[in-house]
Structure formats: C-alpha cells, structure tokens
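In: What follows is a predicted structure for the sequence shown.
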Amino acid sequence: HLVPSGGGLVQPGGSLRLSCAASGFRQNYYAVGWFRQAPGKEPEGVACIAGDGNTHYTDTMKGRVTISRDNAKNTVYLQLSGAKADDTADYYCSADPERSCTEMIVRPNDYRGQGTQVTVAA
C-alpha cells in the first residue's frame, strides 16, 4: 500500500517535495513510479526509481524533478523545482513487482490511484 502526500499550493518557480509512503512491503524491492493527471488531460508518467536505485525521467520533466528513496522511512520522494502552471495536477505513485521503470513510466493509466493535489499559482 502506497500513500502519496505533500501536495499543496506552490508559487511559479517554487519547489515542492512529494512523499510516497509504503506500508506492508519494502518499496526498495520494486520499481516505484510517480505519475500525474492534470485537469482535463490524460495521466502521464513523471519519474520512476528502480529497485537497484536507477532513476528514470520523462523528457517533459527531466531536469525539474528528482526522484529518491529513503529506505529507513520506506518512502519514495519526488522533488519538483521550477514549478510551472502546467505542473498543476493530481500526483500519484505506485509500485510494480514485475515491470521495469521503462515499462511503468509509459503506462500511467495502469497505476491510477489516490493522489495528492499540486496547484501552481501566484
């Protein structure tokens, strides 16, 4: 079970860190991905961290987000920097015991679940 949190209002150009807390399993054994769905748009992949720690980013978000994990807290983080209005979306996370990050990140609809809302506005 994964629970995303940390969303809120952020000013354009600002930063925000989202958390994805795992319970009932060790998230570092799996690929864990972050996805988002903006109002009126289809879900899209954002970033993924593999069990071996390798990270993957979509071209859209590369350079503005950093995915990381804290195994002691059993949590995966997504740091968003240089926030833009287009980053306004519901952000959600999921783990997959079978798929690689490369496979997960292009299948955001397969992982839609509870999210945390990020709103970028002045």
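Out: Right, received. Where do you want to start?
In: Next up, the contacts around the most centrally placed residue in the chain.
Out: The C-alpha lying nearest the average C-alpha coordinate of the chain belongs to Trp34 (C-alpha atoms, centre = their mean; 2.3 Å). Residues counted as contacts of Trp34 (C-beta atoms under 8 Å, 6 or more residues apart in numbering) are 18, 20, 45-48, 65, 67, 76, 78, 91-93. All C-beta spots, glycine's among them, are computed from the backbone N, C-alpha and C.
In: Which secondary structure state does the residue nearest to Asn71 when sequence neighbours are not counted sit in?
Out: Spatial nearest neighbour of Asn71, chain neighbours left out: Asn28 (4.9 Å); criterion: C-beta to C-beta, 6 or more residues apart in numbering. Using DSSP: H, G, I helix; E, B strand; the rest coil as the criterion, the local structure at Asn28 reads helix.
In: And the strands in this protein?
Out: Counting by DSSP state E, the chain has strands at residues 2-5, 8-10, 16-22, 31-37, 44-49, 55-57, 65-70, 75-80, 89-96, 115-120.
In: Tell me which other helices or strands the last one touches.
Out: When you say that, I think you mean strand 115-120. With contacts taken as 3 or more C-beta pairs under 8 Å, 6 or more residues apart in numbering; DSSP states H and E, strand 115-120 sits against strand 2-5, strand 8-10, strand 16-22, strand 31-37, strand 89-96.
In: what does the shortest one rub up against?
Out: Just to be clear, that refers to strand 8-10. Leu16, Leu80, Ala83, Gln117, Val118, Thr119, Val120, Ala121.
In: Of those residues, which is the nearest to Thr102?
Out: Each of the contacts of strand 8-10 was scored against Thr102 by C-beta to C-beta, and Leu80 proved nearest at 21.7 Å.
In: Alright, I will stop here.
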